[in-house]
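>>> Next one to model:
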Amino acid sequence: MKPIIIRPVATLLMGTSYLLSEFIDHQLIPILVSFFAMIAIISFIPYLKKVPLILISSLLVLSLIFFIQGDGLWGMFIGLNTNVSVLAIFIFVPLISIPIKEGNYLTYMETVFNHYIKTSQQLYTYLTSALMGIGSVMNLGTVPIMYQLTDTKSYQSYRLVRTRALGRGFAMAFMWSPYFISVALIISYFDVTWIQLFPIGISMAVIGIFLGTLMEKKHDEPIQIHADENDTIVPIEQAKRKLIELLLIIMVMTAVIMVIEFQVDLSVLTIIPIIAIVFSVIWSLFYQSVKQFGKSLLNFTQERLPAMGNELSLFIAAGAFGSAILDAGASDWIIYFIDLLGISHVLILIPLILIVVNVLSFLGIHPIITMTALGITLSTSPLFADDHLLLSFGLLASWMVSVISSPFSGLNLLMSGLTQSNPIAIGPKNNLIFALTLWGISYLVMVVLYVILS
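Model (predicted):
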């Protein structure tokens, strides 16, 4: 079997076997999940770039060392499925990109942009809002699409405005979107539901849009629209109707997830991939025949899934590493360190989390590693057993800061590649003040929530 086949097949079987395990209680299925996770990471390793290869290999070697001293090789094998529930979202949610592309919704968005954007501040607000909308389901793949969409003569000179808008819109979706791995990871460890996190996260995201727009005001200037771009690609009224249609579909999909989570005894980590599969199939068939949709699915498995290698491998390795250090007693070490600092209050712990997550991210340690270790430890600590909601959002807010500020984050590395810029200029120089300001507002909200919930 060729590697181009092995990678997508192993990835799909890993996600599918996890979903199957939620409905069929058989001891063989979790073993199958681990088996396909092992095949997936082995098949991706030869294709990883140098830095991810070193990081992922180091995590696997360290995991092996820890497990050999504890549960042995079998423990290592089972540990490979630790983050697979989270990865199921990462694997299946991108299927939604098929009907979004086939429905030409991005063309309609381009028409709306050309019609309404007249100043740099408007460019920022529209891009951030658009990324928050479409990006909440299409994830990181939306960023290069939206960047190219606005890489026109009129907008090219506003490169920093566009990168700020796209980066911040993506990072703010990190705090609320059920289709993002960040939210899925938190839900998988802590005793909280997405319905509990959603109102806090979406409120902070909306505040973030207003905050960013306000900060852009001092740089606001009129945009000279070129004549050839002033002509709309499709009638503006049609474009607006299609974008409203897109928004309604996303809202309906999200509402269905909320209702099912409330009515059925299933984790949202299981519900979201299933809903993504069902909606993508039904929605795509409005624009394609069954045969054409089959070709789109084939392209998805041959192009999109292999391109996920870095992230998929990192999440599998980080899950195994988190399980390994837990087996080695890391949770006791972290709790001991917290006790040593005299921290017994969640509102004191949350700023420490911000510092730890971001200092490590600036040193090149991916937040998923830190988040996995902290999530496993803090979710099982009796010291913070009544503070899971605040801890969950505290972790998400800290992760948000690292996503748009760290020069080593996947987002900023992607943006620096698109713009041919230094990741330090794209990340901390461009976004650190905004990120810390939004985190500060989020922290004040957490303080108010603590008072209300106490």
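>>> Helices along the stretch 101-250 of the chain, start to end?
Using DSSP state H, counting those that start in this stretch, the helices of the stretch 101-250 of the chain run over 105-116, 120-138, 142-149, 159-173, 181-189, 194-216, 227-230, 236-263.
>>> Same question for the third one: list its buried residues.
Using 16 or more other C-beta atoms under 10 Å as the burial criterion, the residues of helix 142-149 that qualify are 142, 143, 145, 146, 147, 149. All C-beta atoms are positioned from the backbone trio N, CA, C, and that covers glycine.
>>> Can you report how many residues lie near residue 125?
19 (other C-beta atoms under 10 Å).
>>> List the contacts of the residue nearest to it when sequence neighbours are not counted.
In space, residue 125 comes closest to residue 213 once its chain neighbours are excluded; the distance is 4.9 Å by C-beta to C-beta, 6 or more residues apart in numbering. Residues near residue 213 by C-beta atoms under 8 Å, 6 or more residues apart in numbering: 121, 124, 125, 128.
>>> Apply 7 Å and report the result again.
121, 124, 125 (C-beta atoms under 7 Å, 6 or more residues apart in numbering).
>>> do residue 347 as well
Residue 347 makes contact with 446, 447, 450, according to C-beta under 7 Å, 6+ apart.
>>> Type out the PyMOL command that picks the buried ones from the residues you listed.
Of these, the buried ones go into a single PyMOL selection, burial set by 16+ other C-beta under 10 Å:
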select buried, resi 446+450
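>>> Quickly find the element holding the closest residue to residue 167 other than its chain neighbours.
Of all residues not flanking residue 167 in the chain, residue 404 sits nearest, at 4.8 Å (C-beta to C-beta, 6+ apart). Element membership for residue 404 (DSSP states H and E) is helix 388-405.
>>> any idea of the angle that helix forms with helix 159-173?
Between helix 388-405 and helix 159-173, the angle comes out at 160 degrees (axes from the mean of the first three to the mean of the last three C-alpha atoms, to 10 degrees).
>>> so what does helix 388-405 touch, helix or strand wise?
Applying 3 or more C-beta pairs under 7 Å, 6 or more residues apart in numbering; DSSP states H and E, we find helix 388-405 packed against helix 159-173, helix 181-189, helix 194-216, helix 346-362, helix 367-380, helix 428-453.
>>> Residue 13 - how many residues pack around it?
18.
>>> quick revisit: what is the burial count for the residue nearest to residue 167?
Neighbour tally, residue 404, other C-beta under 10 Å: 28.
>>> contacts for stretch 273-283?
Applying C-beta under 7 Å, 6+ apart, the set of residues contacting stretch 273-283 is 15, 19, 88-89, 92-93, 95-96, 98-99, 249, 253, 256-257.
>>> Which ChimeraX command selects the buried ones in those?
A single ChimeraX command selects the buried members of those (16+ other C-beta under 10 Å):
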select :15,19,88,89,92,93,95,96,98,99,249,253,257
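>>> Pick the one among the contacts of stretch 273-283 closest to residue 370.
Ranked by distance to residue 370 (C-beta to C-beta), those are led by residue 89 at 19.9 Å.
>>> Pull the contacting residues for that closest one.
Residue 89 neighbours (C-beta under 7 Å, 6+ apart): 179, 181, 184, 269, 272, 273.
>>> Show the pLDDT at it.
Predicted confidence (pLDDT) for residue 89: 86.
>>> Name the helix or strand for it, please.
Per DSSP H and E: helix 84-92 holds residue 89.
>>> returning to what we had before: next, format the contacts of residue 213 as TSV and append pLDDT and distance to residue 343.
Shown next, in TSV, are the contacts of residue 213 (pLDDT from 0 to 100; distance: C-beta to C-beta, whole Å):
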residue	pLDDT	distance to residue 343
121	93	41
124	94	38
125	94	39
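>>> Redo those residues as CSV? Include distance to residue 113.
Formatted as CSV, the contacts of residue 213 follow (distance: C-beta to C-beta, whole Å):
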residue, distance to residue 113
121, 14
124, 12
125, 11
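>>> Let me know the closest of the residues you listed to residue 109.
Nearest member of the contacts of residue 213 to residue 109, counting by C-beta to C-beta, is residue 125, at 14.0 Å.
>>> Let me see the confidence value for the residue nearest to residue 125.
95.
>>> Then residue 239?
88.
>>> thought it was touching residue 114?
No - applying C-beta atoms under 7 Å as the test, residue 239 and residue 114 come out as separate, 9.4 Å apart.
>>> now this structure, which segments are flagged as low pLDDT?
The chain contains residues with pLDDT under 70 at 1-4, 226-233, 330-331.
>>> secondary structure element for residue 280?
Per DSSP H and E: helix 268-284 holds residue 280.
>>> what comes up buried for that helix?
Result for helix 268-284 [16+ other C-beta under 10 Å]: buried residues 268-277, 279-280, 283-284.
>>> next one: stretch 303-313
Per 16+ other C-beta under 10 Å, stretch 303-313 contains these buried residues: 304, 305, 306, 308, 309, 310, 311, 312, 313.
>>> could I get the residues you listed as a markdown table with secondary structure and distance to residue 436?
Shown next, in a markdown table, are the buried residues of stretch 303-313 (DSSP: H, G, I helix; E, B strand; the rest coil; distance: C-beta to C-beta, whole Å):
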| residue | secondary structure | distance to residue 436 |
| --- | --- | --- |
| 304 | helix | 34 |
| 305 | helix | 36 |
| 306 | helix | 37 |
| 308 | coil | 31 |
| 309 | helix | 32 |
| 310 | helix | 28 |
| 311 | helix | 26 |
| 312 | helix | 31 |
| 313 | helix | 31 |
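>>> Output those in TSV, with distance to residue 235 appended to each entry.
Below are the buried residues of stretch 303-313 laid out as TSV (distance: C-beta to C-beta, whole Å):
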residue	distance to residue 235
304	32
305	37
306	39
308	37
309	42
310	41
311	39
312	42
313	46
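>>> Among those, which one sits closest to residue 368?
Closest to residue 368, out of all of the buried residues of stretch 303-313 and judged by C-beta to C-beta, is residue 311, at 8.7 Å.
>>> wait, what's in contact with the closest one?
Counted by C-beta under 7 Å, 6+ apart, residue 311 has contacts residue 90.
>>> Give me the nearest residue to the residue positioned nearest the centre of the chain, chain neighbours excluded.
Nearest to the mean C-alpha position of the chain, counting by C-alpha atoms, centre = their mean, stands residue 180 at 3.6 Å. Once flanking residues are discounted, residue 180 sits nearest to residue 174: 5.7 Å by C-beta to C-beta, 6+ apart.
>>> what about that neighbour, how many neighbours?
Counted with other C-beta under 10 Å, residue 174 comes out at 24.
>>> Compute the distance between it and residue 424, please.
Going from residue 174 to residue 424 by C-beta to C-beta, to the nearest Å gives 21 Å.
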